[in-house]
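Asks: here is my input, please return the structure:
(chains A and B)
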Amino acid sequence: MAHSEQEILAGLAEIVNEETGLPADSVLPEKSFTDDLDIDSLAMMTIVTLAEEKFGVTIPDSEVKNLVTVADAVSFIAGAQA
Amino acid sequence: MTHGPDVVVTGLGATTPLGGDVPSTWAAALAGESGARTFDNDWVERYGLPVSFAATIKVSPEEALSRPELKRMDPSAQYALIATRQAWADAGAPQVEPERLGAVVSSGIGGIWTTLDGWDTLKEKGARRMLPMTVPMLMPNSAAAFVSLELGAKAGAHALVSACASGAEAIGYAVEMIRTGRADVVVAGGTEATIHPMPIAAFAASRTLSLRNDDPTGASRPYDVDRDGFVIGEGAGVVVLESAAHAQARGARVYATIAGVGLSSDGYHITSPEPSGEGQIRAMRAALEESGVAAADVVHVNAHATSTVVGDLIEARSVRGVLGDEADHVALSATKSMTGHLLGGAGALETIFTILALHDRLAPPTINVAQPDPELVLDLVRDTPRALPTGQVAAINNSFGFGGHNVALLVTSSV
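Replies: Residues are numbered from 1 along each chain as shown, chains lettered A, B, ... in the order given. So this is what the prediction gives:
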C-alpha cells in the first residue's frame, strides 16, 4: 500500500532522528540534509538504505545527489512507490 | 636503561560484569561477587550451545549512550567509549594539545556483532540492505578510532591485537608513546563484546570454556582443583596515562606509576602456553628490569589465571621463577574468578585492579577456591581482600593471549 507524503515525511524524520539524534520535528520539508541537518555522506547513505526498506522502494545511487532537501526525498519516494 | 619520563595513571574508567563504572566494579570485586549469569535467551535450545551462562555486562550501554551512538558503534566500541568518558572525567579532563594526546584501545576480536549481523542481513535481505556503517563498526581499530574522535586525539590512535593480552598491550604501547616523546597524555585500554552464540560455540569447540552450567557463579575458579575452563565475559577498562611532569604541572591526582612494560612471545603453539613458562618469565623479568624495582618490593600479582587446568599452574610457576623466594610474600589474586574473562578487555580491567590494589592497599580476593590445587606454589588471596604493606611497593599484572603473547605490566605505588 502506498504511503502518503505526510507518512513518508514522518517516516523519514523518524529515521533521521534514530541515526543522528536530531529531533524529528526539525526534519522539515524545506531543510537541506547537508547544510541544515549536517548529515554527512555516510549518514545519508544509511538513511537511504533504511528508507528503501521502510517504504519498499529503490533509490538509485545516481539519484541520491538530487535529494538535496527533505522535500526532494519525500517526493522521490512518493513517486517511486507508484 | 634510560627510558624517558615516568608514566603515571591519573584516570580510571570501566564498564564490566560487576558494575557500570570503576567504583561499583571495585566494590563488588572486594566483596567477592561474581558477574556470571545464566543466559536469558534461547541460545542453548536454538543452537545446542554446551554453555548456558556468561559474565555479561552489568549496566546496559543504553543507560550511558544516545540512540545515534548506539547505532553507529559496535558494542565493543560502545563499552570503550563509556569507559573513556569516565576515565577522562576522573582525570579531571586534562588540558592537552591535541597533537600531544593519544588513544590506544584494543579489542581481541573486534566488532563481531556487527560482522555477524551484516552476514545475516546479506543472507536474509541481500546486498542492497547492507548498512554503510558496517565496515567502520566491525574493524578492530573501531574502538580506538571512536575514542580518538571523542577526545580529538591527534598524536596517534592505535589498536594492538594480541588476543587476551590486547588490553595490557595497549597500555604498554601507550606508556611507550609517552616515554619516546610522542605524547604527553594517552588514553589506553581494552574492550570486548563477544557474548554472541557464534564465538561462544567457537570457544566451546576449542574446549576452553567452563561447562559448569548448574553453577554459573561458581564456574570461574582459578587454582581450584576442580577448575574446568574460563567463563566468557565482556566489558571495557580504560586508563588515562600521563607523563609525570604533565600530571604534576596540572596538580593531578596520581593513582600509581606504570614503571615497567615486559613483552614476549612463546613461539610455541597457537593456543597452548609454553609449558616451562619461559616466555612468561621473560616478560615479567623485562618489566622488572625496566622499572628498576627489586623483586623484594613486589607485594602483589594480579594473575592472568583464566581457570584453565594447564594455564593457571604454568603462570604460578613462572611468577615463582621470576621472584624466587621473594614470591613467598606476594599476594596473588585471580580476579577472573569474579569478572569472568573479558578477553581483549581483561588486561586493561586487571591493570585497573592492580592500580587500585596498590592505591587502596588491598589485594582483591579470588573466589570459588574450595580446595586449592596442591601444585600451586604461591600464596593465593581467597574469599576476602588482604591488606598490602604500606610504603613504596610494586605489583605485576600478567596478561597472556592465544598465540603465545605475554605482557607483564609493573605498577608502583605513588607513595
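
Asks: now do the helices in the chain.
Replies: Answering for chain A, as no chain was given. Using DSSP state H, the helices of chain A run over A:5-20, A:41-55, A:61-64, A:70-81.

Asks: I was thinking of chain B, sorry if that wasn't clear
Replies: Using DSSP H, the helices of chain B run over B:22-30, B:43-47, B:67-72, B:75-90, B:112-125, B:134-138, B:142-151, B:166-179, B:197-205, B:244-249, B:278-291, B:311-323, B:336-339, B:346-360.

Asks: check contacts around residue 50.
Replies: The chain I'm using is chain A. Neighbour list for A:L50: A:15, A:19, B:131 [criterion: C-beta atoms under 8 Å, 6 or more residues apart in numbering or on different chains]. Glycine gets a C-beta too; all of them are placed from N, C-alpha and C.

Asks: my question was about chain B
Replies: Residues counted as contacts of B:P50 (C-beta under 8 Å, 6+ apart) are B:204, B:209, B:211.

Asks: 7 Å instead?
Replies: Shown in contact with B:P50 (C-beta atoms under 7 Å, 6 or more residues apart in numbering or on different chains): B:204, B:211.

Asks: reformat the contacts of A:L50 as a markdown table; add distance to B:T335, neighbour count and pLDDT.
Replies: Shown next, in a markdown table, are those (distance: C-beta to C-beta, whole Å; neighbours: other C-beta atoms under 10 Å in any protein chain shown; pLDDT from 0 to 100):
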| residue | distance to B:T335 | neighbour count | pLDDT |
| --- | --- | --- | --- |
| A:I15 | 43 | 19 | 97 |
| A:E19 | 39 | 21 | 92 |
| B:L131 | 37 | 19 | 96 |
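
Asks: what is the nearest of those to B:I270?
Replies: Nearest to B:I270 among those: B:L131, at 33.5 Å, using C-beta to C-beta.

Asks: and residue 73, how many neighbours does it have?
Replies: All of this is about chain A. 26 (other C-beta atoms under 10 Å in any protein chain shown).

Asks: um, chain B though
Replies: Neighbour tally, B:M73, other C-beta under 10 Å: 24.

Asks: surely it touches B:L138?
Replies: No - the criterion here is C-beta atoms under 7 Å, and B:M73 misses it with B:L138 at 10.8 Å.

Asks: okay, and the helix or strand of chain B with the least pLDDT?
Replies: helix B:67-72 (a mean of 94; mean pLDDT, DSSP states H and E).

Asks: residues near residue 60, how many?
Replies: I'll assume chain A. The number of residues packed near A:P60 is 10, by other C-beta under 10 Å.

Asks: meant chain B actually
Replies: B:S60: 13 neighbours (other C-beta under 10 Å).

Asks: how far out from the middle of the chain is stretch B:149-161?
Replies: Here stretch B:149-161 is found 18 Å from its chain centre; the criterion is C-alpha atoms, centre = their mean, to the nearest Å.

Asks: output stretch B:310-324 in CSV with nothing but the alpha carbons.
Replies: Taking C-alpha atoms only, stretch B:310-324 is exported to CSV below (Å, rounded to 0.1, in the frame of the first residue of the first chain):
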residue,chain,number,x,y,z
VAL,B,310,47.1,-26.2,32.5
GLY,B,311,47.4,-22.4,32.2
ASP,B,312,46.9,-21.4,35.8
LEU,B,313,49.8,-23.5,37.1
ILE,B,314,52.3,-22.6,34.4
GLU,B,315,51.7,-18.9,35.4
ALA,B,316,52.1,-19.6,39.1
ARG,B,317,55.4,-21.4,38.5
SER,B,318,56.5,-18.6,36.2
VAL,B,319,55.9,-16.0,39.0
ARG,B,320,58.0,-18.2,41.3
GLY,B,321,60.6,-18.5,38.6
VAL,B,322,61.0,-14.7,38.4
LEU,B,323,60.7,-13.7,42.0
GLY,B,324,62.3,-16.8,43.6
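
Asks: in it, what's buried?
Replies: Neighbour-count burial for stretch B:310-324 flags B:311-323 (criterion: 16 or more other C-beta atoms under 10 Å in any protein chain shown).

Asks: and of those residues, the nearest to chain A?
Replies: B:G311 (42.4 Å; C-beta to the nearest C-beta).

Asks: how far away is the nearest residue to that closest one once chain neighbours are set aside from chain A?
Replies: Nearest in space to B:G311, with sequence neighbours left out and distances taken as C-beta to C-beta, 6 or more residues apart in numbering or on different chains, is B:P273 at 5.5 Å. According to C-beta to the nearest C-beta, to the nearest Å, B:P273 stands 42 Å off from chain A.

Asks: who's in contact with stretch B:199-212?
Replies: B:47, B:49-51, B:109, B:112, B:218-220, B:228-232, B:271, B:307-308.
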